[in-house]
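A.B. asks: Give me coordinates for this.
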Amino acid sequence: MRAAALAAAFAWVLPAAQAATTSNNFNVSVTLTSQCAATNSGTTTVSFGTYTAFQATAATSNSVNLTFQCTRGFSPVSAAFDIVNGTAAGVGVVQGLQYTLTAGAPTTTAGTAATTATIGTGDIKTYAVSGTMPAGQAGQCAAASCGPTTQLRTLIVTF
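C.D. replies: Residues are numbered from 1 along each chain as shown. The predicted structure follows:
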């Protein structure tokens, strides 16, 4: 009891402990360099199937999708095919058969925005690539059948 009375007597002498805070503002800054990156895994193949020499109709290929992941809201400026053996972009020759490649305008699948809980994802730009091979071509083959023969091509996206 005596201790409690002594503590009460000195309570007026010792000031009560007080919590205090202060703050200071600052900026968070970043400079973002937008880009697009190819995302197909492996090699996709534009195939014309079997072409018979001097056939009466043009051959058309299947369509393949080439995908690129891009910074959200950022669109590539252009897309073009590489040039092979001095031909025009998108034109090539395989087994003595000329073909022309085309790529449509890209379709966009919107990415997700970053939040405090997630990092978000980029937009996906998909280019459908296909080709045509004119009718009436002789081709080049020393046997009854040759192939399949492939030629590596590139879709160049400029951003």
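A.B. asks: Could you check how far the residue nearest in space to the middle of the chain is from Tyr99?
C.D. replies: Centroid-nearest residue in the chain: Phe68, 1.7 Å away (criterion: CA atoms, centre = their mean). Here Phe68 is placed at a distance of 23 Å from Tyr99 (CB to CB, to the nearest Å). Where you see a C-beta, it was placed from the backbone N, CA and C, and this is true even at glycine.
A.B. asks: next one: Ser61
C.D. replies: Using CB to CB, Ser61 is found at 8 Å from Tyr99.
A.B. asks: neighbour-wise, which of those two wins?
C.D. replies: Tyr99 (22 against 18; other CB atoms under 10 Å).
A.B. asks: Given the strand or helix carrying that one, what are its sheet partners and their directions?
C.D. replies: Element membership for Tyr99 (DSSP states H and E) is strand 97-103. In the sheet, strand 97-103 lines up against strand 91-94 (antiparallel), strand 123-133 (antiparallel) (DSSP bridges).
A.B. asks: Check the offset of it from the chain's centre.
C.D. replies: The chain centroid and the centroid of strand 97-103 are separated by 23 Å, computed with CA atoms, centre = their mean, to the nearest Å.
A.B. asks: Then stretch 79-90?
C.D. replies: That offset, for stretch 79-90, works out to 21 Å (CA atoms, centre = their mean).
A.B. asks: burial measure for the residue nearest to Asn85 when sequence neighbours are not counted, as a count.
C.D. replies: Setting aside the residues directly before and after it, Asn85 is nearest to Val93 in space (CB to CB, 6 or more residues apart in numbering), at 7.1 Å. Residues contacting Val93 under the criterion other CB under 10 Å number 15.
A.B. asks: Look up how far Thr149 lies from Val93.
C.D. replies: 11 Å.
A.B. asks: For Gly131, give me its contacts.
C.D. replies: Val46, Phe48, Thr60, Ser61, Tyr99, Thr100, Leu101, Thr102 (CB atoms under 8 Å, 6 or more residues apart in numbering).
A.B. asks: swap the cut-off to 7 Å and go again
C.D. replies: Val46, Phe48, Ser61, Tyr99, Thr100, Leu101, Thr102 (CB atoms under 7 Å, 6 or more residues apart in numbering).
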